[in-house]
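>>> how would this look folded up:
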Amino acid sequence: MTETPTPTQTPPTPTETPKPPRTPTPARHAQHTAEPPAGTDRRAVVRDALGVGVAVGLSGFAFGVTAAGSGISVAQACVLSLLVFTGASQFALVGALAAGGNPFTAAAGAFFLGTRNAFYGLRLSQLLALPRAVRPAAAHWVIDETAAVALAQKDRSAARLGFTVTGLTLYLLWNLTTLLGALGAEAIGDTAAWGLDAAGPAVFLALLAPMLRTATERAVAALALVLGLGLLPVLPAGVPVLVAALAAPAVLFLTGRGPAGTSPKGVRP
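Presented below is the predicted three-dimensional model:
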């Protein structure tokens, strides 16, 4: 009797279980989510502040040349930069004097332009929260450039750093280049031919343009431009600047006349 061979049973192949995904270690995970070091942010603030301070500070040379061309002495130009230290007002003053305007009218126009710094001060006093002992000195540096750099920062520490670096750099360079410009005016000759008196207003417009975000702000700027340029040939020097200031209340009055607090068509507050 023949025995039938028993089939050989092969052991079942074990099924490979998938490996669970690797969980990143805390150290490795921290490398991907860590914030940039604080030193990097401070260096960026100093870099931006120095860039603004140097770029605008060099335009003090144009002011010195323009001031000398308007009949102001070197000493007077330097005192203006030391004590007034607001470029737009200084250019407005010497520009009106160079055009033969009345000194009182020229001073009034320059003073009115300088009042905008008081509004900057209201905002910066809350942001910087400086000790009382340094506030009088810091108030002298409240201008367009320092306000722009400080308000662009994320926290109070960075704002203080940006304000200080911008103010110090700009104050030193502005006064130095004012002196050099006033001394070198004779070597340049006819300052009007070089158009250096346009440097200050150009810098001011470059800082102002990005701030015109709403239709109301743009309407005020446009109306002020029309009033200033349109009245320039018919009014004494310095007076068109004062009249152009009426653009703000005029636009605000018109925007407030819409029904139920709405604005006129095409003007958004």
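>>> and Gly162, how far from Gly109?
Relative to Gly109, Gly162 is positioned 30 Å away (CB to CB, to the nearest Å). For the C-beta atoms, the positions are set from N, CA and C on the backbone; glycine is no exception.
>>> what does Gln153 give?
In this structure, Gln153 lies at 32 Å from Gly109, with CB to CB as the measure.
>>> do the same with Phe63
Shown here: Phe63 relative to Gly109, a distance of 16 Å by CB to CB.
>>> which regions of this protein sit below the pLDDT cut-off?
Low-confidence segments of the chain, defined by pLDDT under 70, span residues 1-40, 186-204, 206-208, 237-238, 257-269.
>>> circling back: which of Gln153 and Gly109 has more neighbours?
Counted by other CB atoms under 10 Å, Gln153 and Gly109 do not tie: Gly109 has more neighbours, with 25 against 20.
>>> surely the more buried one meets Leu93?
Yes - if you go by CB atoms under 8 Å, Gly109 and Leu93 touch, sitting 7.4 Å apart.
>>> now Gly181: closest residue in space, sequence neighbours ignored.
The spatially closest residue to Gly181, leaving aside those adjacent along the chain, is Gly64, at 2.4 Å (CB to CB, 6 or more residues apart in numbering).
>>> same thing with Leu172?
If the residues on either side of it in the chain are set aside, Leu172 comes closest to Gly57, at 7.3 Å by CB to CB, 6+ apart.
>>> residues contacting the one you found?
Contacts here follow CB atoms under 8 Å, 6 or more residues apart in numbering; on that basis Gly57 touches 169-170, 172-174, 176-177.
>>> same thing but at 6 Å, please
For Gly57, the set of contacting residues under the criterion of CB atoms under 6 Å, 6 or more residues apart in numbering consists of 170, 173-174.
>>> do Leu212 as well
By CB under 6 Å, 6+ apart, the contact list for Leu212 reads 218, 221.
>>> same deal with Arg47?
Counting by CB under 6 Å, 6+ apart, Arg47 touches no other residue.
>>> past the strand or helix carrying it, which element shows up next along the chain?
If you go by DSSP states H and E, Arg47 is part of helix 38-57. Toward the C-terminus, helix 38-57 is succeeded by helix 60-69 as the next helix or strand (DSSP H and E).
>>> what packs against that next one?
Based on contacts counted as 3 or more CB pairs under 6 Å, 6 or more residues apart in numbering; DSSP states H and E, the elements that helix 60-69 packs against are helix 87-98, helix 156-183, helix 185-188, helix 191-194.
>>> just name the most buried of the ones you listed.
For the helices and strands packed on helix 60-69, average neighbour numbers computed from mean count of other CB atoms under 10 Å are highest in helix 87-98, which has a mean of 24.
>>> next, the angle from that one to helix 38-57.
Interaxial angle, helix 87-98 versus helix 38-57 (axes from the mean of the first three to the mean of the last three CA atoms, to 10 degrees): 0 degrees.
>>> ok, and what's touching whatever helix or strand comes next after helix 87-98?
Read in the C-terminal direction, the helix or strand following helix 87-98 is helix 103-114, with elements assigned using DSSP H and E. Where contact means CB under 6 Å, 6+ apart, the residues beyond helix 103-114 that reach it are 86, 88-89, 92-93, 96-97, 238, 241-242.
>>> as JSON lines, those residues with distance to Thr105 would be great.
As requested, those are exported to JSON lines (distance: CB to CB, whole Å):
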{"residue": "Thr86", "distance to Thr105": "18"}
{"residue": "Ala88", "distance to Thr105": "17"}
{"residue": "Ser89", "distance to Thr105": "14"}
{"residue": "Ala92", "distance to Thr105": "11"}
{"residue": "Leu93", "distance to Thr105": "10"}
{"residue": "Ala96", "distance to Thr105": "7"}
{"residue": "Leu97", "distance to Thr105": "10"}
{"residue": "Gly238", "distance to Thr105": "4"}
{"residue": "Val241", "distance to Thr105": "9"}
{"residue": "Leu242", "distance to Thr105": "8"}
